[in-house]
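Would you be able to build a 3D model of this:
(one chain, ligands or ions: 1)
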Amino acid sequence: MNYFDMAESYKIKVIENLKKTTLEYRKKAIEEAGYSLFGLKSEDVFIDLLTDSGTGSMSNNQWAAIMKGDESYAGASSFFELKNTINELLGLPYVIPTHQGRAAENVLFSALLKEGDIVPGNKHFDTTLAHIEFRHSKEASFLTDEAKDPESDYPFKGNVDLNKVESFFKTTSKDKIPLFILTITCNSSGGQPVSMENIINLRKLCDKYDIMLFFDAARFAENAYFIKTREKGYENKTIKEIVKQMFSYSDGCTMSSKKDGLVNIGGFIAVRDKNLYEKLQQFCILFEGFIMYGGMAGRDMAALAVGLNESTEFEYLNDRVSQVAYLHKKCKEYGIPLINPAGGHAVFVNASKMLPHIPHDQFPAQALGVELYIESGVRGVEIGTLLADRDPQTGKNRKPDFELLRLAIPRRVYTNRHMDVVAASLNELLKRKDKIRGMKLVYEPKLLRHFTAKLDWI
Ligand SMILES: *Cc1c(COP(=O)(O)O)cnc(C)c1O
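Numbering: from 1, shown residues only. Predicted coordinates:
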């Protein structure tokens, strides 16, 4: 028996009390929020699985780094701690801090994209897609067919279909493809990883057609964990070795440090090419701040440097990913329809399968999320028709492949007993699923509507 795998490899030093509310209280709270999960006050939420972004707990060493942060405008030691850590871990020489991941996208795309471009990827995250479309460019997604089957236990559902990528490269003029963005793990396909083999072969294709390969690296450490635990030949490598190898095939990355950076705010761009770095500097200064802090406080850069080293330790990742797998297993035991296998950061409930009587444009996953909050004060988030926005050309609701309720687990925050509550309350919804109604929009903005839209029951 390995007793050390049975419990977390950390202990708790500071706690924050949670509020337990009544059913009546929650019904009123969500009604007042316009049935928007983003509209709820966090103090009214019992277990908050809205996102794993910026919601993690920092370690004692990160808090110590905060106290030692250097707030100098230029040449801060905290910047160099961050830069050296990224150089060491990712092997990418040039680093630009940004205030979060989408800011990194903004700076990078300002230098690389022009109207009419096409940006291929496995599947872009929603802010990435919005930044592409905001510049009147288009996406092209190349997930494999395995990713489209929710029941399949295929271990690398973030992989790209290399044949399709090649025919796209062949038939599209090269000056319309500014870069390929590989999202690791692929958030939009359920936090599913990309295999090393797929990365290597994609690199070969990009070399053949002379296309830059960038990673959207928000969950690069979780991706490395899956390579170590699922891909043959990597079992005995350390996470840091795998990370280094993964990034050796990239020309650069954008990073949301709020994920695998283990900090509450921050991001960065890292690139291999000096000319590109020099181009990016201007946009960083314009949008973010001077190139040695780019929207981050010195103390936050210092905490990020420590966080990146902690998140690439096997022990931490094993705790993290096992907790997601634990919630997945509990839900599965109750018979709740899920996306398989468990992702790295979240469990995805298949709302269209659980509520087949609600059509996609009546937002079944949003209805499920609202009902889950009312049931137990657990907050998830809709990944479905609401998130997919309208097609900018036709103005019609896009129909995504799935209607999902995502339960994203913050890093080092909740215990498995909290996960038991989540699974048990979903089971209560399963029992009364036929009585759950569809929803309609009563207010919607044009872009990224899911953040601020308001809804009501039909
Ligand atoms: C969160 C996220 C982003 C955007 O990062 P922010 O820090 O929220 O701006 C981009 N890509 C992926 C894959 C993400 O998960």
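
Contacts only, for the residue of the stretch 301-450 of the chain at minimum distance from the ligand.
Residue nearest to the ligand within the stretch 301-450 of the chain: H345 (8.3 Å; Cβ to the nearest ligand atom). C-betas here are computed from N, CA, C, even on glycine. Neighbour list for H345: D52, T185, N187, G191, R219, E222, K259, V324, A408, I409 [criterion: Cβ atoms under 8 Å, 6 or more residues apart in numbering].

next one: phi and psi at it?
phi -130, psi -10 (degrees, to the nearest 10).

Give me the distance between it and A130.
Separation of H345 from A130 (Cβ to Cβ, to the nearest Å): 20 Å.

What is the neighbour count of the closest residue to R230 other than its chain neighbours?
Nearest residue to R230, sequence neighbours excluded (Cβ to Cβ, 6 or more residues apart in numbering): P155, at 4.4 Å. The tally of other residues near P155 (other Cβ atoms under 10 Å) stands at 17.

from what I can see, P155 looks like it's in a strand, true?
No. Looking at P155 with DSSP: H, G, I helix; E, B strand; the rest coil, it is coil, so not inside a strand.

in the protein, what secondary structure element scores lowest on mean pLDDT?
Least confident helix or strand of the chain, by mean pLDDT, DSSP states H and E, is helix 385-388 with a mean of 91.

tell me what that one is packed against?
Judged by 3 or more Cβ pairs under 8 Å, 6 or more residues apart in numbering; DSSP states H and E, the packing partners of helix 385-388 are helix 364-376.

Name the next helix or strand downstream of the helix it packs on, please.
Per DSSP states H and E, helix 364-376 leads on to strand 378-379 as the next helix or strand towards the C-terminus.

what's the burial count for D161?
18.

And the one 5 residues further on, by the same measure?
The number of residues packed around E166, counting by other Cβ under 10 Å, is 17.

which ones are touching it?
L205.

Quick check: phi and psi at it.
Dihedral angles for E166 - degrees, to the nearest 10 - are phi -60, psi -40.

picking that back up, my guess is the residue nearest to R230 contacts K232, does it?
No. Look at P155 against K232 with Cβ atoms under 8 Å: they stay out of range, at 10.7 Å.

At the contact with the ligand, which residues of the stretch 151-300 of the chain appear?
Contact residues, the stretch 151-300 of the chain versus the ligand (Cβ under 6 Å from any ligand atom): T183, N187, D216, A218, S256, K258, K259, G267.

Restricted to strands, list those.
If you go by DSSP state E, these have T183, D216, S256, G267 in strands.

got a winner among these for most neighbours?
Those, ranked by neighbours (other Cβ under 10 Å): first place G267, 30 neighbours.

Tell me the confidence at the residue nearest to R230?
pLDDT, P155: 96.

which residues does R412 contact?
Contacts of R412 (Cβ under 8 Å, 6+ apart): Y10, G56, S57, S59, L262, Y316, D319, R320.

And for E71?
So E71 contacts S78, A297, G298, R299 (Cβ under 8 Å, 6+ apart).

The same query, at a cut-off of 7 Å, please.
A297, G298 (Cβ atoms under 7 Å, 6 or more residues apart in numbering).

In terms of pLDDT, where does it sit?
98.

again, but for S189
80.

what's around it, how many residues?
Quick note: S189 (other Cβ under 10 Å) scores 26 neighbours.

same question, L386
Neighbour number of L386 under other Cβ under 10 Å is 27.

Does at least one residue of the least confident helix or strand of the chain sit close to the ligand?
No. Shown here: helix 385-388 not in contact with the ligand (Cβ under 6 Å from any ligand atom), separated by at least 12.8 Å.

the domain parsing of this structure - what is it?
For the chain, the structural domains run 3-52+318-457, 60-311, going by automatic domain parsing.
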